[in-house]
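Colleague: quick one: sequence and predicted model below, then my questions.
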Amino acid sequence: MRFSRILPAALACALLPLMASAQDTTVLRGARLIDGSANAPLDNAVLVIRDGRIAAVGAAESVDVPADATVIDYRGKTLMPGLISTHSHVGIASGLEVGPEQHTRENILRQLRQYTAYGVTTVTALGLNGAVFYDVRAAVHSGREPGADLFGADRGIGVPDGAPPASALPLGPDQVYRTQNVAAAREAIREMAARKTDLVKLWLDGFGGTAPKLDPDVYRAAIEEAHAQGLRVAVHIHDLDDAKAVVRAGADIIAHGVRDRPVDEEFIALLKQNDVWYVPTLALDEATFVYAEQPAWMQTEFFANAVHPEVRARMADPEWQRTTLEDPRAAAARRALATNQRNLKTLHEAGVKIAFGTDSGANPFRIPGVAEHRELALMVEAGLTPLEAIRIATANSAALLELEDRGRLAPGLSADLVVLDGDPTADIAASTRIVGVWHRGRPVERERFGH
Ligand SMILES: [Zn+2]
């Protein structure tokens, strides 16, 4: 018989990979626990991990600690569920390079390891996925490769000479469909269904009248065909009228916030009557200007470790900072962010289902892991409480993905959790003070990503 081994938090992540075997029981005790539901945080919690899952969780006096367990003391820390992104992209960028040559197994796996190191344990690549996606998805589903679990929306359907914009986002021929033809759209949906995509993605955005938009007959047919194939549809929108139109056509997920004007009662009623998910992606517009402003949080180890040296050098270049801030796109992004935040607050208060996404990975400045913690901060800035923001990023997003095995710290669920130094309910910035991440009951190795 073995005796309990008690490890201080500082040693746990260094030693545990060497000690733990799959059959071991690990107990995390002493921390404040945010379970991802509407429950208030629990102080001095005990969480028991066995076989990658949460075996028990509760107050110290109510949970038995198995005699042979490895016990980790997390007093003064906070536990929360691993974050779940319902809108990211993988294998699009590496450093400042963007293009189909970045769409490799190696680059995608590296990004998925970066996500887990930053506490994002499940990632949805919402379109722009080539054939390599399915190989990587199988590898991380099975645990053969480390990194965030991966779901996705195959290629998705955009428009010839329209969204997603080929100039900003060069893609390989197997990464996106572009059509304005009903029959071709239906065929694309059937091809994606045959490859066992998790979701379907459509783009509906005319970029302020500068590009052709997906034809209504095409998106209606695509949504109808997807539903016939048992697939749900997420739609990229920017404007309120487009968002209403796709909800009327049967869209299941609005994949960005409405950013042209305030939402109205009609939109709220449409979302609620049709049980549609709404994913604001606030961090997307912030990333257009914030790095040129050099906010204090860019000086943290948390940030530096996530950023490729080429990107860091670009951000530090005064000429780049000046031109970025003078570019009319910076002012437009500020307005879009403010509108998106106001709309989030309105829709959340109205009881619309909100999930978590950032569009991280879609360009070099939408940094995997960093974007998700910016999104939490921006949701709180919009007027949500930290607990509401965390719930959206965990339990709600698991519900969007119809994943019943994760998203909360509750018995039977996957032991995906983040250990924080400090309390994000008091200050959401504590979400970035990560002292450890557990994925499927194992501590995640905290490698350096920024080189
Ligand atoms: Zn996207």
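Modeller: Good, I have the coordinates. Numbers count the residues shown, from 1 in each chain.
Colleague: what about the residue most central in space within the chain, which helix or strand?
Modeller: The chain has Ser85 as the residue nearest its centroid, 1.8 Å off, counting by CA atoms, centre = their mean. Here Ser85, judged by DSSP states H and E, is contained in strand 83-88.
Colleague: hey, what's the residue nearest to the centre of the chain bridged with?
Modeller: Val123 (DSSP bridges).
Colleague: walk me through the domains of this structure.
Modeller: 5-81+408-443, 83-400 (automatic domain parsing).
Colleague: so which of these is the most packed in?
Modeller: domain 83-400 (a mean of 20; mean count of other CB atoms under 10 Å). Quick note: C-beta positions are derived from backbone N, CA and C, even for glycine.
Colleague: any idea how far apart the tips of that one sit?
Modeller: One end of domain 83-400 to the other measures 13 Å (CA to CA, to the nearest Å).
Colleague: the lengthiest helix in the chain: how far from the chain's middle?
Modeller: Ranked by number of residues, the top helix in the chain under DSSP state H is helix 328-349. Averaging C-alpha positions (CA atoms, centre = their mean, to the nearest Å) puts helix 328-349 19 Å from its chain's average.
Colleague: repeat that for stretch 240-258.
Modeller: Distance, centroid of stretch 240-258 to centroid of chain: 20 Å (CA atoms, centre = their mean).
Colleague: repeat for stretch 316-328
Modeller: On CA atoms, centre = their mean, the centre of stretch 316-328 falls 28 Å from the chain's centre.
Colleague: in this structure, what secondary structure element scores lowest on mean pLDDT?
Modeller: Sorting the helices and strands of the chain by mean pLDDT, DSSP states H and E puts helix 9-19 at the bottom, at a mean of 58.
Colleague: just to revisit the earlier point, can you redo the domains of the chain as CSV with distance to Gly450?
Modeller: CSV is the format used below for those (distance: least, CB to CB, whole Å):
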stretch, distance to Gly450
domain 5-81+408-443, 15
domain 83-400, 5
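Colleague: which of the ones you listed has the lowest average pLDDT?
Modeller: Among these, domain 5-81+408-443 has the lowest mean pLDDT, at a mean of 90.
Colleague: quick one on the thing from earlier: gap between the helix or strand following the longest helix of the chain and the chain center?
Modeller: Counting by DSSP H and E, the next helix or strand C-terminal to helix 328-349 is strand 353-354. Centroid separation for strand 353-354 versus its chain: 14 Å, with CA atoms, centre = their mean.
Colleague: mind listing the strands strand 353-354 pairs with, and their directions?
Modeller: According to DSSP bridges, strand 353-354 has these partners: strand 277-278 (parallel).
Colleague: how far away from the center of its chain is the strand it pairs with?
Modeller: 14 Å.
Colleague: which residues sit against whichever helix or strand comes after that strand?
Modeller: Per DSSP H and E, strand 277-278 leads on to helix 282-286 as the next helix or strand towards the C-terminus. Under the criterion CB atoms under 8 Å, 6 or more residues apart in numbering, residues 256-257, 259, 333-334, 336-337, 340-341, 344, 358-360, 362, 366, 371-372, 374-375, 378-379, 382 lie in contact with helix 282-286.
Colleague: hey, where'd the strands end up in the stretch 1-150 of the chain?
Modeller: Ranges of strands in the stretch 1-150 of the chain, per DSSP state E, counting those that start in this stretch, are 5-8, 25-33, 42-50, 53-59, 70-73, 77-81, 83-88, 93-94, 97-98, 120-125, 149-152.
Colleague: by contact count, what packs against the last one?
Modeller: Translated: strand 149-152. Strand 149-152 is packed against strand 120-125, helix 132-142, with contacts defined by 3 or more CB pairs under 8 Å, 6 or more residues apart in numbering; DSSP states H and E.
Colleague: redo these as JSON lines? Include distance to Asp327.
Modeller: Shown next, in JSON lines, are the helices and strands packed on strand 149-152 (distance: least, CB to CB, whole Å):
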{"stretch": "strand 120-125", "distance to Asp327": "28"}
{"stretch": "helix 132-142", "distance to Asp327": "33"}
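Colleague: right, and the ones you listed - which one's nearest Leu417?
Modeller: Checking these against Leu417 by CB to CB gives strand 120-125 as the closest, at 8.1 Å.
Colleague: what's near enough to touch Leu378?
Modeller: With CB under 8 Å, 6+ apart, Leu378 has these contacts: Leu282, Ala283, Glu286, Leu337, Gln341.
Colleague: let's see it at 7 Å
Modeller: Leu282, Ala283, Glu286, Gln341 (CB atoms under 7 Å, 6 or more residues apart in numbering).
Colleague: those: which two are farthest apart?
Modeller: Ala283 and Gln341 (11.2 Å).
Colleague: what's the distance between Pro66 and Asp35?
Modeller: Pro66 sits 21 Å away from Asp35, going by CB to CB, to the nearest Å.
Colleague: that should have said Glu404, apologies.
Modeller: 15 Å.
Colleague: which SS state does the residue nearest to Leu325 when sequence neighbours are not counted fall under?
Modeller: Excluding the flanking residues, the one nearest Leu325 by CB to CB, 6 or more residues apart in numbering is Ala292, at 4.9 Å. Here Ala292 is recorded as helix under DSSP: H, G, I helix; E, B strand; the rest coil.
Colleague: touching, Ala292 and Glu326? I think so.
Modeller: No. Taking contacts as CB atoms under 7 Å, Ala292 lies outside contact range of Glu326: 9.4 Å.
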